Structure formats: structure tokens, C-alpha cells
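Student: Whatever this is, show me its structure:
(one chain, ligands or ions: 1)
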Amino acid sequence: MTDAIQIERERGLLTLRLNRPDKKNALTRAMYSHLAEALKQADTDPEINAVLITGSAECFTAGNDIADFLQQPPSNLDSPVFQFMLTLLECRKPVIAAVAGAAVGIGTTLLLHCDLVYVSRDARLRMPFVNLGLCPEFGSSLLLPRLLGHAKAAELLLLGEGFSGEQAAEWGIATEALGSGEAALAKAREMARRFESLPPEAVRISKQLMKAPDREQVRKVIEEEGALFTQRLRSPEAVAALSGFINRH
Ligand code: COA
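Tutor: Numbering: from 1, shown residues only. Okay, the predicted model is just below:
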């Protein structure tokens, strides 16, 4: 287990905090494994009512660790990143996200699988997959066009245009945008705590009903995207772009 994921348990709320500030909370293989393990445990722990995923008041996450992408690229669905994706997809308990600062790559796409998402108005979300020679992941090629229409989703996924927390809330990617990172976290905690006083079985069944119509299709798309993504990671386009980031100074 890695210190870069801090786990706090407070009554029925489990908070998973990304804590690798020197690398803008970029996610390593060890961090994905730790997150997946904690989510699995929360899902079967009768004392846990909800899970909160957050970073710091300055940064959510810069996405997948780019050095990891070059040195130990995921090769199949058993890889930590895909295990994390599939565990979040299958999680039966409510998952709430609190987002401030940068939310790049999977830092944005994971939000599509959370139940409630609170962002700071000035959060900076971005999915620069194509810019890095990659392709969309975590079901985003299905879920974003469905949410925003093809033309808007194309701006975000094909051009890799960034957008603010305020826009994320306008477009339905986030539940609400708040004035600061601290305010987003406070609101996320307040709403997550509400699940402590709701009947857990009714919450679980209701989430299942909301997710069930799409679950198999989303899973299939995650697998299809994953197969192409792992190929792309080894492509000359991606290796050049990812090495460019590592060697930029
Ligand atoms: N993987 C590995 N290291 C990363 C990283 C990532 N995804 N994102 C940032 N870092 C590292 C930087 O290399 C730098 O490390 P160093 O101090 O050892 O040189 C440190 O984190 C700080 O990053 P920096 O770029 O200086 O911070 P910033 O505040 O100017 O910008 C970001 C923050 C998130 C906008 C910028 O770091 C960024 O664009 N990162 C890459 C995001 C990305 O493309 N992710 C992959 C998506 S698939």
C-alpha cells in the first residue's frame, strides 16, 4: 500500500485522498491498486455508507503518471488502472468526488462514474488523450457524446480542450460548482454524510437501478477503449508526446 493514498474513516464515510503533491497527485500503478482495494473493501463493509474521492484544495490529479505510462504501460485489463476503473464502475455504494485545481485525463473521466461531483468554479478539467497520441478511456467515448452531443464532446476529446469547474456543472459533468476548493470539499462532505441517515439498502438498490441500463455497455466500451489505449501507448506518436512531457525542462 502507498502513502500517496490517504484513507480516512469517519463514521459511515470513507475518504480516499490523493496525496502526492510533488507530482500534482499523478496516479501511479501502486495508487490505482490501493484505490481499487479500498473501494472493494468499502463496498462490502456494512459500516460504510459512502465513499468520497478527493485530492487537495489546490489539485485533484494530473492524471496517470506519465513516467509510469512510458516505463510500465498497462498491457491488459488485469493492470492496476483497469482494475481501478472496473471497481469504480461496479461499486454499489454512493461515490462522491470533490475536485479543485487540475483534473486531467482520468482525473476528469473518473467523474463520469461518480454519483455526486462537487467542483471549485475555477477547477481546470481536461482530457488531452489525442494530444498525447492516445485515445479516450474509462467509457468517455460513449458517455461524453451522450451527455454533451457529439459536437461538444469532440471539442473536449478530439481537440483536448480544457474547461472550468463552472462549465462542468453547466454541462452535467459535475453536480455543483462552488467558490473554492475548500467549499467544494465541505459541500461534498456534507452531502456524503447525508447517506449516514438514509436507509442503505434503498440507496444501494436505487443506485443499481440508475446504473443498470448502461452498465454492460459501459463495461464493453471500457474494454474496447482499453485495448486500443494500450496499443496506442506503445505507438511512436504516444512515445514521442509522453517523452516530450518528461523531457520538457
Ligand atoms: N505524470 C508524472 N508527473 C507529473 C504529471 C503526470 N501526469 N503531471 C505533473 N507531473 C509532475 C511534473 O513533471 C513536475 O515534476 P518535477 O517538479 O519533478 O519536474 C510536477 O509534477 C509539477 O508539475 P508542473 O507541470 O510543474 O505543475 P503545473 O502546476 O505547472 O501544471 C498540470 C500542472 C497538471 C497542468 C501539468 O503538470 C500537466 O499538464 N501535467 C500532465 C497532465 C497529463 O497530460 N496527464 C496525462 C493525461 S492522460
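Student: can you tell me how far the most centrally placed residue in the chain sits from the ligand?
Tutor: In the chain, the residue lying closest to the centroid (CA atoms, centre = their mean) is residue 110, at 2.2 Å. To the ligand, residue 110 is 12 Å away according to CB to the nearest ligand atom, to the nearest Å. C-betas here are computed from N, CA, C, even on glycine.
Student: wait, what's in contact with that residue?
Tutor: Residues near residue 110 by CB atoms under 8 Å, 6 or more residues apart in numbering: 53, 85, 88, 97, 138.
Student: Tell me which two of the residues you listed sit farthest apart.
Tutor: Largest separation among those by CB to CB: 85 and 97, giving 14.6 Å.
Student: All the helices of this structure, residue numbers only.
Tutor: Taking DSSP state H, the helices of the chain run over residues 29-44, 66-71, 80-90, 106-109, 140-148, 150-157, 165-170, 181-193, 200-233, 236-246.
Student: The last one packs against which elements?
Tutor: Taking 3 or more CB pairs under 8 Å, 6 or more residues apart in numbering; DSSP states H and E as the contact definition, the neighbouring helices and strands of helix 236-246 are helix 66-71.
Student: Please name every helix or strand in contact with the helix it packs on.
Tutor: helix 236-246.
Student: Just want to check the distance between the closest residue in space to residue 134 that isn't next to it in sequence and residue 210.
Tutor: Using CB to CB, 6 or more residues apart in numbering and skipping the chain neighbours, the partner closest in space to residue 134 is residue 232 (4.8 Å). The span separating residue 232 from residue 210 equals 32 Å under the rule CB to CB, to the nearest Å.
Student: Between these two, tell me which one has more neighbours.
Tutor: Between residue 232 and residue 210, counted using other CB atoms under 10 Å, the more crowded position is residue 232 (20 against 10).
Student: Hmm, that one is touching residue 137, no?
Tutor: No. Assessed by CB atoms under 8 Å, residue 232 is found out of contact with residue 137, at 9.8 Å.
Student: Near the ligand, which residues of this structure are found?
Tutor: Counting by CB under 6 Å from any ligand atom, the chain comes close to the ligand at 23-24, 26, 62-67, 102, 104-105, 128-129, 132, 245.
Student: Out of those, give me the two with the largest separation.
Tutor: Greatest spatial distance among the residues of the chain next to the ligand (CB to CB): 23 and 129, at 19.4 Å.
Student: out of the two, which sits in the more crowded spot?
Tutor: For residue 23 versus residue 129, the count of surrounding residues by other CB under 10 Å is larger for residue 129: 25 against 15.
Student: got a list of what that one touches?
Tutor: Counting by CB under 8 Å, 6+ apart, residue 129 has contacts 105, 135, 136, 137, 157, 160, 229.
Student: Pop out the phi and psi values for it.
Tutor: Main-chain torsions, residue 129, degrees, to the nearest 10: phi -60, psi -50.
Student: Relative to residue 165, how far out is it?
Tutor: 20 Å.
Student: what's the most distant pair in the contacts of residue 129?
Tutor: Pairwise across the contacts of residue 129, and taking CB to CB, the largest span is found between 160 and 229, at 14.9 Å.
Student: With neighbour numbers in mind, choose between those two.
Tutor: More crowded of residue 160 and residue 229, by other CB under 10 Å: residue 229, with 21 against 16.
Student: For the one residue in the chain that gets nearest to the ligand, which non-adjacent residue is spatially closest?
Tutor: Residue nearest to the ligand within the chain: residue 105 (2.8 Å; CB to the nearest ligand atom). Nearest residue to residue 105, sequence neighbours excluded (CB to CB, 6+ apart): residue 63, at 2.8 Å.
Student: ok, how many other residues are close to the one you found?
Tutor: 25.
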